Every structure is written in C-alpha cells, then in structure tokens.
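> Sharing a model prediction with you, sequence too.
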Amino acid sequence: MNSRIVLFAGASLLALQTAAFAQEAATTELNEIVVSGQGDPTAPTDGYVAKSAATGTKTGAAVLETQRSVSVVTRDEIADRGAQNLGQALSTTAGVIGEPYGVDPRFDSPSLRGFDMRNAQYLNGLRLMRSMGAPSYELYGLERVEVLKGPASSLYGSGTPAGVVNMVQKHAQFKDAYEAGTGFSIDGDADVFLDANKALTDTFAARLTGKLMKSEEDIDELTNRRGYLGLAARWSPSDATTVDFLGSYQKDSPISPAGIPFALTGRGNDKSLRDLYIGDPAIDGSDRRMANIGYELRHEFDNGWVLDQSARYQTFDWDYTGFYASGYTAPLSISRGVTFQDEDTWTANLDTRISREFETGLLRHDLLFGLDLRKHDNTTTTAFSSSSDFDMANPTPTVVGAPWYTKTDDLVLQQAGIYAQDELSFDRWRATLGLRHDWADQHGQSGAAIVDQQDSATTGNAGLSYLFDNGLAPYVSYATSFDPELGTDIGGNQLQPTTGAQWEIGLKYQPTSFDGLFSIALYDLRQDNVSVSVTEIINGNPVSGIRQIGQVKSRGLEIEGAAEIAMGWSVRGAYSYTDAQQVGSNDGKMPANTPAHLASLWLDYEFAEDTALDGLSLGGGIRYIGKRFGDNANAFEMDPVTLVDLAARYEVTEKATLSLNLNNVTDENYVANCGSFGCYYGSGRTVMGSLTVRW
C-alpha cells in the first residue's frame, strides 16, 4: 500500500508542476459541489455543530469532505455541559474514554480506540511533548477541541496510530466582547474567570483570558489550586496577511489521589473508600508551571500561493511528591510508597506550509507542502521510597525511608519532517493523498544507559469520498503512523519506534433541512512495538516504567452526531463498539481502559422567547461505560457504569446568566481504574453553579 501512496503523491507533485508552468493550459469546467458553513475553525462556533476543522487536513477543510473520522467539541457544548477539564469535554465523543483513571487532576489522560492519548495531545496544531508529567491545559482557555481519529503521521509526524487531540486556544477576534463571572460548588470549589476581547483598530485586536480556581477533590485532604492567563492578539495589516500571537501561563498544584488496594474495592457500595486518602498532607507537594508563546502567520501571495506558519516555544516544570498504594493486609492496614518527581522540559515547534488551489484538466487541486521541525529537551528525575503503613482505623505519623530507586533522564529529541498533501475534486468526487518523511534523533542519558539513536520513516494516507446532493458522503481511507519512543524501558533497553496502520470506511451526513452533522465508521487499526505503562517489582518494591508488548489490534464501529434542531433543541450523541486485543505479550487480552461498549447522549432545550419560561434552558444526558480492565494483563476488572448529568441556565437579564450543572446525579460509586499502584474511583455527584455576565 505504501508504494501506491508514493505513486499518488508523485502524481500530485507532477500536477503542481503542470499548473505552475503551463500558463495557457486548457481546462473544462464541471458543476462544483459547495459544502456550506465551513468558516474559520479558530473562530467561535454557535451551537454544537462544527462543519470545518483545522486538524483533519491542516487546511480547514469541511468535515463532510474529510475521509476520516473527525469530532469537534465546541465552546458552547463545553459550557452547556459544565465540563471542567479535557476528559469531561471529550466524554460524549465516540470511541473516547475521557477520564479512564478517574479523579486525577494531574493529567489529561483520554484513551481512543483502545490507545492511550496522553502523548497525542496538541495545542493549536503543535504537539505538547511530555515524559512522566503532562501539560494539563486549562479548558476555559480553549475555543474548541478537535479529535482526528486514526494515524495522522502523514501531516503531524510521530504519534500514536489512534489519532490526534487538538486543543484550539481562544484567538483574538475583530469585535468587542467581554465575559466575567464566578463559579462555586457544594463541595467548596470556587473560581473566578474573565474573557475580554477588543478590536483596538481596524487591523489589530487583542484578547485576555484568565481564571483562578480552587478545586476540592472527592478525596479527603486534596485541594488543587490553579491560575491561568491566556493572551492573544491578531494583526491584519492587509487583506492578504494575518498574524495571530498566542501565549499562556499556567500554575497549579495537582496531587494524585493515591488509590486504594484492589482487595478493598469489593466492600460493596462503601463510599467512604472514595473519600479515603492514604497520603500525608505534611509530605505531599506539587508545584507545576507551564508557559507557551507562539504565533500563527498566514500570507496570500498575488500568484495564488498561500504561506502558513505556526511556531511555539513551551516550558514545563514540575516538582512533585505523592503517595501510592502498594499492598494490603487485612483488615485495615494499607502498604504504601512515595514517589518523587522533578521534571524540567522545553520544546520548540515550527511548522511551515505553502499551499495553492489550481486546476489541471477536469481536476481541482488544493495542494499543500510542509516542513515541520521540533526539538524537545527533557531532564527528569524519578525516585521511589518506602513509607510506613496506613492504618485505616488508627492513622499514625508517617515515616518515609530513603529512596531505594532513583533514575534520571537527560534526553534531547530532534525531529524534522517534510510532507505533501493534495486534496482533489472531480465533480462530486473528493480524494486526499498525503506523504511524509521524518527523521528523528535522540541522544543523552536514561538512567545508566547512554542513548544515541537515529530513526526515520515514511508515512502516508489516501482517502476517497463521494458527495451526494442529499448530504450523504460515503468514504474510504488508509493511513500509517510511526513514533520514535524516547528513552529506555523499565529494564534499561532502548525503546524501538512504534508503527501503525488503519483502514476505515464510513458514511457522513450533513442534512439540508436543519443544522447537523452525523457519521458512522468502521475501522481496522494495528500498532506494532506498543509501549505501555507497567508496574514491576524491583528489589521487592513496585516500580513504574515502560514495556513494549508486541502488537495491538483494534477494530470497531463508531456512530456520532450533533444537531441544532428547530424549536430550541440541541443534541449530541455517540456510540462505539471496540474489539481490541493484544498480540505477543498478554496474547488475546484486551488493552487497559478499553470497554467494548461506550455510549452517550446529551440534549439541551432553550425555551422560546415571549413564553412563560423565556430565558430558561434545560439540559440532560446519560453516559454508559462498559466493562473494562485496568491493566494489560486483565487482572483488574471494572464493572460497567451508567452516569446521568443535568443542567439548567437562566438569563436573569440580557447580560447575566445563572447556570447549574449536576454530574453523576445518582452519585454512582464506581471504580474507574485499577492497577499495581492501586484502584481509583470515578467522580461522585458534583453540583456546580456559576454566574456569568456578558457585555
């Protein structure tokens, strides 16, 4: 298949040369099928239906014309559902478990199609690099979240074959709009927020977004404080040139919930375990800081070529001390350990693209060339210590021993990729052809091992679809991926690059009678040299690290839709069936955090004007997470759970709105994840209120 992709891409390059140099080439015009409602994918979207996405093709193409599964969660939907983090925002997306590890404010850790997505998160189209820690971006600072499912290496270079989660920061707009408010909960959560956008001149606009938050977790003794500041500016000196400046700074103090031993989870509906914290606030500590600064440039040349360039410099620092459960002695004694983390990283990204639309005979092209550069510098020290046991009946002062395991990574990863993509149109036919070659160099030291490795890979994608007049668009696609793994495994062996490939067929539908977008997809996805997080016993104590386990096969069905229906109804629904298995190590067993069945439905109704309930909106939803396992050995099984959410909003005045969100209304007590480091509960009932003023 790779050879066919090469031939397709070569034909596209030849077509560009023909268009560029044959000034008098004859063309034949066909009736053009226009997909309405594309718009700027960085601008605010009214409602739940986003018909274009920046992530699928890097050209802002219509979702209907993209031969891949693409999901978009808009700012309006995030606000209506009262989502507080990335996992909650993605909880109604087909194939995604938003919070597979339960209540853990340290990480955004969604899984997609059976694969961990912690290393597949992007901000404004540029990858957020991570090692042990993870940048957890403030959701209030985002305009939307886009999910491209399946291998995306032909555009984005190294990455998981499951896809890309791209967070789009709020950009400055040429209008005046202001928002300020405060939030609160019955558990003691509190926040204040501000979003101010102003067009200072006809060519310059600025935007400031900020939030201060204090979050009381379900776990006793745990409080997370966060401060976020987002800055954006847009400069358009002419109709042909636009520059967006984007920056953000975030500081927070997330602590792990520590977990409880698996044996204790069998104590029925004991909600006291959900609140139990086996750590020690006098020893725990967390100080995490993340800063981003960058720009997005777009310039349209007179000859039809368009230059786009995205750049970002990011720093990430985290000092962390936290407890974890390591064993259990009946009836009330829990063995525990302490982990220490000191992480300092910086990443520089530069993605430069040139594109042009032109015609060759009966074909219309949207051709794109790109050069993608990235450098990631990571210095991380991880240590583990033993601790005195935790007595549930009579807690005693904690005694922490000297570290028995310490590892320092000092690594540099440099990557460069060149790529080409051609989006072709012929009457109602649409095709996308892409090809990319990447070089990766990593060097430094991982523990006692010297790392000096060079990898390269060629990846591609090809897709074909047909647009019917009634809004139906069947499609088929094939794509490949690779990812050079950074560092060594838990045994000190150099990690090998992972590779992946996927076939997908599907059907999309964009109605002509109302605002909506629906899709159904079947996929077959494979990944080799899969890296998974493991906990193994070293010197009699559990140590976390990485193992490469062989191959993972994931096949499934996904159904998803969003619509703005007449009479004030908004709806979003999703269902997914995933058949995932490991090959090699843990042969035939399911990957961790991969339920066979996932389903969700959210409805929102806004009462009409000039009625008795004018100004009132009501929402409600249901989420189902099927049976799953917490580890790749399938030793820890979690029961299925059904969660109910409710929401209400009332416009007190034309400018002020009161909101109330209840998540897990029935207060289901469920285990979200289990592993060698303990079991973690999902969120209990939360009641959040807010007052927002807009002018």
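Nice, I can see it.
> wait, isn't Glu77 in contact with Ala50?
No: using C-beta atoms under 8 Å, Glu77 is not in contact with Ala50; the gap is 9.4 Å. C-beta coordinates here come from the backbone N, C-alpha and C atoms, glycine included.
> residues shared between the contacts of these two?
The overlap between the contact sets of Glu77 and Ala50 (C-beta atoms under 8 Å, 6 or more residues apart in numbering) consists of Ala562.
> Can you tell me the strand partners of the helix or strand in which Leu148 is found and which way each runs?
Of the helices and strands defined by DSSP states H and E, Leu148 is found in strand 142-149. Partner strands and pairing direction for strand 142-149 (DSSP bridges) are strand 70-74 (antiparallel), strand 163-169 (antiparallel).
> and of those strands, who's closest to Ser465?
strand 70-74 (12.5 Å; C-beta to C-beta).
> any idea which helix or strand comes after the closest one?
helix 75-81.
> Give the next helix or strand downstream of that following helix.
In N-to-C order, the element after helix 75-81 by DSSP H and E is helix 86-89.
> Pairing partners for the next helix or strand after that next one, with directions?
Downstream of helix 86-89, the next assigned helix or strand under DSSP H and E is strand 96-97. Paired neighbours of strand 96-97 in the sheet (DSSP bridges): strand 111-112 (antiparallel).
> which residues are contacting the helix or strand that comes right after the strand it pairs with?
For strand 111-112, the succeeding helix or strand toward the C-terminus, using DSSP H and E, is strand 115-116. Taking contacts as C-beta under 8 Å, 6+ apart, the residues outside strand 115-116 that touch it are 109, 160-162, 527, 532-533, 552, 554, 591, 593.
> try 7 Å
By C-beta atoms under 7 Å, 6 or more residues apart in numbering, the surrounding residues in contact with strand 115-116 are 160-162.
> Go through these and name the one nearest His376.
Thr160 (16.2 Å).
> Can you tell me the SS state at the closest one?
Of the three states, Thr160 takes coil under DSSP: H, G, I helix; E, B strand; the rest coil.
> if we can go back for a sec, just the buried residues out of the contacts of strand 115-116, in PyMOL syntax.
To isolate the buried ones among the contacts of strand 115-116 in PyMOL, judged by 16 or more other C-beta atoms under 10 Å, type:
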select buried, resi 160+161+162
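> Would you mind listing the residues in contact with Leu472?
Leu472 touches 507, 509, counting by C-beta under 7 Å, 6+ apart.
> what does the one 4 residues further on give?
Taking C-beta under 7 Å, 6+ apart as the criterion, Val476 is in contact with 67, 463-464, 505.
> ok, so of those residues, who is nearest Tyr228?
Gln67 (36.3 Å).
> Which pLDDT value does the model give the closest one?
pLDDT, Gln67: 97.
> swap in the one 4 residues further on?
Reading off the confidence values, Ser71 has pLDDT 97.
> what does Glu536 give?
At Glu536, pLDDT is 67.
> what distance separates the strand holding Leu148 from the middle of the whole chain?
Distance of strand 142-149 from the chain centroid (C-alpha atoms, centre = their mean, to the nearest Å) equals 7 Å.
> now the strands: where do they sit in the stretch 351-500 of the chain?
Taking DSSP state E, counting those that start in this stretch to define them, one finds strands in the stretch 351-500 of the chain at 363-387, 390-391, 400-426, 429-446, 449-466, 472-483, 498-509.
> now the second one: mean pLDDT?
Per-residue confidence for strand 390-391 averages out to 90 on the pLDDT scale.
> Within the sheet, what are the partner strands of it, with directions?
strand 333-360 (antiparallel).
> Buried ones in the partner strand, by neighbour count?
334-351, 353-356, 358-360.
> what do you get for stretch 428-438?
The neighbour-count check on stretch 428-438 (16+ other C-beta under 10 Å) flags 430-438 as buried.
> Which one of those is nearest to Gly188?
Sorting those by distance to Gly188 puts Asp438 at the head of the list, at 47.8 Å, by C-beta to C-beta.
> can you tell me which residues contact that closest one?
157-158, 415, 417, 456-457.
> Got a ChimeraX select line for the buried ones in these?
A single ChimeraX command selects the buried members of these (16+ other C-beta under 10 Å):
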select :157,158,415,417,457
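> Which one of the contacts of Asp438 is nearest to His443?
Gln415 (12.7 Å).
> Let me see the ranges of the helices in the protein.
Along the chain, counting by DSSP state H, helices occupy 2-21, 75-81, 86-89, 153-156, 272-275.
> So what touches the fourth one?
By that I understand helix 153-156. 58, 127, 159, 164, 419, 421, 434-436, 459-461, 479-482.
> what's the closest of those residues to Leu662?
Taking those together and measuring to Leu662 by C-beta to C-beta, the closest member is Val164, at 31.9 Å.
> So what's the predicted local confidence for Arg694?
According to the model, Arg694 carries a pLDDT of 96.
> For the remainder of this discussion, apply numbering that starts at 22.
OK, 22 is where the count begins now, so the last one is Arg715.
> In this protein, where is pLDDT below threshold?
Applying pLDDT under 70 to the chain flags residues 22-60, 153-156, 241, 287-290, 507-508, 554, 556-563, 565, 697.
> switch to 50 and redo it
Scanning the chain with the threshold set as pLDDT under 50 gives 22-53, 55, 57-58.
> residues in contact with the residue minimising distance to the centre of it?
For the chain, Val186 is the residue whose C-alpha lies nearest the centre (C-alpha atoms, centre = their mean; 3.3 Å). For Val186, the contact set (C-beta under 7 Å, 6+ apart) comprises 131, 138, 141-143, 166, 168.
> If you tally nearby residues, what's the number for the closest residue to it other than its chain neighbours?
In space, and not counting its chain neighbours, Val186 is closest to Gln142: 5.0 Å by C-beta to C-beta, 6 or more residues apart in numbering. When neighbours are counted by other C-beta atoms under 10 Å, Gln142 registers 23.
> Gln142 against Leu149, yeah?
Yes: contact status for Gln142 versus Leu149: in contact at 4.9 Å, counting by C-beta atoms under 7 Å.
> follow-up on the earlier one: and which of the contacts of helix 174-177 is nearest Ile471?
Using C-beta to C-beta, the contacts of helix 174-177 come closest to Ile471 at Phe503, 23.4 Å.
> Find the residue closest to that closest one in space, skipping its chain neighbours.
The shortest distance from Phe503 to any non-neighbouring residue, by C-beta to C-beta, 6+ apart, is to Ala478 (4.0 Å).
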